[in-house]
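J.: missing the sequence, but the structure's below:
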């Protein structure tokens, strides 16, 4: 049986927060956190580019793999700033059912 999507996102985020709070030399996540936001953003950009390349190539398994990397690095960025993924889910819920044009226009009011 499939788990709800937010369960795995929340589980990965909890591990990221744990590695941030209790870094070890063997933790990739802790090393990213220690190097700071610029390194995290660089990795995020690299992963986004890899998704684009995989999308262009059209191989399903590569798209899935690279998208997982991109989501992970997005979660690292959220973790760096202590932004719970639930805040992102709430923003998506707010936008759900709204046209893209309407949503973009609503940002001008903020």
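T.: Received it, and whenever you're ready, just let me know what you need. Given the structure is predicted, the values throughout are model-derived calculations rather than measurements.

J.: which residues does stretch 77-90 contact?
T.: Identification of contacts with stretch 77-90 by Cβ atoms under 8 Å, 6 or more residues apart in numbering yields 6, 9-10, 13, 16-17, 20, 29, 33, 37, 40-41, 44, 75. For glycine as for every other residue, the C-beta is placed from the backbone atoms N, C-alpha and C.

J.: and that stretch, how far apart are its ends?
T.: 18 Å (Cα to Cα, to the nearest Å).

J.: and it, how far out from the chain middle?
T.: Centre-to-centre, stretch 77-90 and its host chain are 9 Å apart (Cα atoms, centre = their mean, to the nearest Å).

J.: what about residue 86, how many neighbours?
T.: Per other Cβ atoms under 10 Å, the neighbour tally for residue 86 reads 13.

J.: how about the most centrally placed residue in the chain, what does it touch?
T.: In the chain, the residue lying closest to the centroid (Cα atoms, centre = their mean) is residue 74, at 2.3 Å. Taking Cβ under 8 Å, 6+ apart, we find residue 74 in contact with residue 44.

J.: which ones among the contacts of stretch 77-90 are found in helices?
T.: Among the contacts of stretch 77-90, the ones falling in helices (DSSP state H) are 6, 9-10, 13, 16-17, 20, 29, 33, 37, 40-41, 44, 75.

J.: gap between the two ends of stretch 77-87?
T.: Stretch 77-87: ends 13 Å apart by Cα to Cα.

J.: now flag whichever of the ones in helices among the contacts of stretch 77-90 is closest to residue 94.
T.: Nearest to residue 94 among those is residue 6, at 15.7 Å by Cβ to Cβ.

J.: run through this structure and note the low-pLDDT ranges.
T.: 1-6, 108-110 (pLDDT under 70).

J.: buried residues in the helix or strand where residue 54 lies, which are they?
T.: Remark: residue 54 resides in helix 37-57, with elements defined by DSSP states H and E. Neighbour-count burial for helix 37-57 flags 40, 43-44, 47-48, 50-51, 54 (criterion: 16 or more other Cβ atoms under 10 Å).
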